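predicted model follows, preceded by the sequence.
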Amino acid sequence: MLEIGCGSGAFTTFVARAVGPTGKVYALDIEPKMLDQLKAKLARPENRDIKNIELINKSAYELPFADASLDAVYMVTVFQEIPDRNRALGEIKRVLKPGGFLGITELFPDPDYPWKSTTIKQVTAQGFLLDGSSGNFWNYTVRFRKAQ
């Protein structure tokens, strides 16, 4: 699983625990300082049991993974921060396995908050299939699938 724009790891540790010790979470961020904060978070006593996170300093335009190698990619309040979203979606599509999932979560207080319909339109225009959504006006998650 890949988290794009992991920042200081607000969600990363929860996902790492959810996928379990046999799963792997790649925490990618373009800002080294954010990865340093996540590294410090992982060093805290309450997180020392987490061994399945790999930190990666790259942009969403150059994902360092083989084609069709990941089961899922997710972003939380990050998608609208990416200047060339179509380029990033192309990279995500490249690294996802057929049938793999892309999850995008948006929260209303974010200054770049898009309507759910906007997110759906942007992502499906790049060939992803809408697989479901949850939430409400204040926060939502939209799940997409890469075609088989």
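Looks like it arrived, so ask away. Numbering: from 1, shown residues only.

max-length strand in this structure?
In the chain, assigned by DSSP state E, the strand with the most residues is strand 96-107.

chain center to the helix or strand just after that strand: distance?
The helix or strand immediately downstream of strand 96-107 is helix 116-124, counting by DSSP states H and E. Distance of helix 116-124 from the chain centroid (C-alpha atoms, centre = their mean, to the nearest Å) equals 16 Å.

buried sites along helix 116-124?
Residues 116, 119-120, 122-123 are the ones in helix 116-124 that count as buried (16 or more other C-beta atoms under 10 Å). Any C-beta I mention is one placed from the backbone N, CA and C, and that applies to glycine too.

thinking again about what came up before, neighbouring contacts of the longest strand of the chain?
By C-beta atoms under 8 Å, 6 or more residues apart in numbering, the surrounding residues in contact with strand 96-107 are 68-77, 79-80, 92, 113-114, 116, 119, 123, 128, 131, 135, 138-148.

tell me the buried residues within those.
70, 72-77, 79-80, 92, 113-114, 116, 119, 123, 128, 139-146.

tell me how far Thr13 lies from Asp131.
In this structure, Thr13 and Asp131 are 25 Å apart, going by C-beta to C-beta, to the nearest Å.
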